Structure formats: structure tokens, C-alpha cells
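here is my input; please provide its structure:
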Amino acid sequence: MQEWLEVALRTLTAVVILFVLTKLLGKRQVTQLSVFEYITGITIGSLAAYISLDLEANWYLGIVALVVWVGVSLGAEFLQIKSKRFRNWIDGKGTVLIKDGKIMEDNLKKERLSTDELLEQLRRKNAFRAADVEFAVMEPSGEINVLLKRENQPITPRHLGIKVGPEQEPQTVIMDGVIMDEPLATIGLSREWLKTELEKLGVAQENVFLGQVDTYGQLYVDLFDDLIKVPEPSQKAALLATLKKCEADLEMFALSSEDKVAKEMYGRCSEVMQEVILEVRPLLTG
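Model prediction:
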């Protein structure tokens, strides 16, 4: 067999085996790597190159080495799951860099991290002043995570005492102009509903590049033709306006009614409606 053909066949074999073994190792091997996973990646790559190019050696020995190394990696991952002590020994522990708003200089030296590098990592977390940070830790993967001081954290409904219901993931119901039946069925909608919504927006199904339905049943579409402007869905705004109108009508009935019992009933209903509007306003204006 000619050398170039043998190299091609060996490379193809190495690629297939490497792909299968990497899938076996899992997603962690292609995300943030620990020290052991970093070494594993380099070694597996070197062994794959050995299988492809070393024509004087028996290529199956490289495959044996690959399988053994992957087996060791899988065993190490299993032990990491079962034993915290082994996990700490392999991956290491997180290092606190900022605590109670104070930079831990000794820990910076321990991780060989300069002040400029720390500030760069803080900026990546949208913390442009060290004084805004309450706590920062370097994870075993090398990533730095930041907790801002309470006064610098963004306001959420929880801070305002507002309870917000769970929000489901949006369902993609149109992709490349084709209706996706399974996502429609997941949210309990039909093709007829979808076509009606498209008619309301004045767009054709064939011109929809992407269509998604959110938690509240509103359809958002992006068109192939970027020059066409699609109106924003208005169901939530219309519902809020309807609720406000009901509250106003109840208040008017309470003021205009001469019957004392009816006046009190309309007044109580108006107050209840006001409370409902306050609770649902964040959902309908978001």
C-alpha cells in the first residue's frame, strides 16, 4: 500500500475512534477543563497523531493506548463523582479572591494572578469597580465568578415583593418556512391557530425564517425579507387595557349606583380588580 493512502486510512480511523471516545468521555471534555482533563486532551491528541503518521510502528498499539487512557479518564471521573476528597485532589478547590469586599492579596499570589488580570476578569462580569464586588472566587476551571454587593445588584421582582409565575421555554413553531408540529402540540396549539396568528400579522408562512411562541401564547416571527417590518404582538397590552377598563367600569358603577348593597359590591369588586392589575402588570408589560 502506498504511504499516502496508508496515512489517509490511518487518519480516518483515528478520527472515528477519537470521536467515539470523546463522546464517551462526555461534554466536560469539550468545555471548561480541569488540569487532569487538560492533560487528557493533549495526550489523546498526541496518540491520535501517532496512529496517523508513525508508519514504522504497529498502529493498533496506538489504539490500545487510546482505549487505556480513556479508561483511566472514565475511572477518574467515576471516583470524582463518588469521592469529594478525590475530586478535590484531582480538580483542586476554588480560591477566594475577594471576601467581604476586600481583595485577598495572598490568594492572588498563590494563583499567580496579577492585579490587572483580576480587574480584567471582573470587567468580564460587568464589575468595573473592585469596590462593587462583595465576593469573588476562582473556580478549579480557572473561571472567576463574582457576587456584587447588594446595593449594586440589579433589581428583580423578588426585591419588590412581587411574585412571578414560572416561565416556560419558547417553542419554535416555524423554521425555514416549515411548520413544526411537535412544538405546537407541546403547547396545545394547532396549525389553524398558527395560520390565524400569521394572518393577523399579515405575513405568509413561506416568508417566515423563524417563528416562536412564548409562555403567554404570543407569536414572534423573523422574516426572510428583512425589509418587511412585522408589528409587535399586542395581546398582552390589549389584556391589560381590558382589565383597566373593567376596573374603571366597576368604580363608575359604584359611584353611580343608588342601591347601598350594589354600591358596596361594586366597590369591593373594583378594589379586587385593582389588586389583580397590580399582580399581573409585570407579566403584561414585560
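
where's residue 193 relative to residue 199, distance?
11 Å (Cβ to Cβ, to the nearest Å). Every residue, glycine included, has its C-beta placed from N, CA and C.

higher neighbour count, those two?
Comparing residue 193 with residue 199 by other Cβ atoms under 10 Å, the one with more neighbours is residue 193, at 16 against 10.

could you pull out the helices in the chain for me?
3-25, 35-53, 59-82, 84-91, 105-110, 115-124, 181-186, 191-201, 235-256, 260-285 (DSSP state H).

winner for burial among these?
Neighbour counts averaged per stretch over these are highest for helix 35-53, at a mean of 17; criterion: mean count of other Cβ atoms under 10 Å.

pLDDT averaged over that one - what is it?
In this model, helix 35-53 has a mean pLDDT of 68.

quick one: closest of the helices of the chain to residue 220.
Comparing the helices of the chain by their distance to residue 220 (Cβ to Cβ), the top pick is helix 191-201, with 9.6 Å.

report the mean confidence score over that closest one.
Regarding helix 191-201, the rounded mean pLDDT is 87.

contacts only, for residue 213.
Contacts for residue 213 (Cβ atoms under 8 Å, 6 or more residues apart in numbering) come out as 170-171, 173, 183, 187, 189, 219-220.

tell me which residues touch the closest residue to residue 170 other than its chain neighbours, please.
Counting by Cβ to Cβ, 6 or more residues apart in numbering, residue 170 lies nearest to residue 212, which is 4.4 Å off, once chain neighbours are set aside. By Cβ under 8 Å, 6+ apart, the contact list for residue 212 reads 170-173, 219-221.

is it possible to mark the buried ones in those?
Among the contacts of residue 212, those buried by neighbour count (16 or more other Cβ atoms under 10 Å) are 171, 173, 219, 221.

among these, which pair sits farthest apart?
Greatest spatial distance in the buried ones among the contacts of residue 212: 171 and 221, 13.2 Å, computed using Cβ to Cβ.

quick one: the residue positioned nearest the centre of the chain and residue 190, what's the gap?
In the chain, the residue lying closest to the centroid (Cα atoms, centre = their mean) is residue 169, at 10.6 Å. Taking Cβ to Cβ as the measure, residue 169 falls 20 Å from residue 190.

same check on residue 111?
Using Cβ to Cβ, residue 111 is found at 57 Å from residue 190.

higher neighbour count, these two?
Applying other Cβ under 10 Å to residue 111 and residue 190 shows that residue 111 carries more neighbours, namely 14 against 11.

give the contact list for the more buried one.
Counted by Cβ under 8 Å, 6+ apart, residue 111 has contacts 95, 97, 138.

for the first one, which non-adjacent residue is closest in space?
Nearest residue to residue 95 in three dimensions, chain neighbours excluded: residue 138, at 4.6 Å (Cβ to Cβ, 6+ apart).
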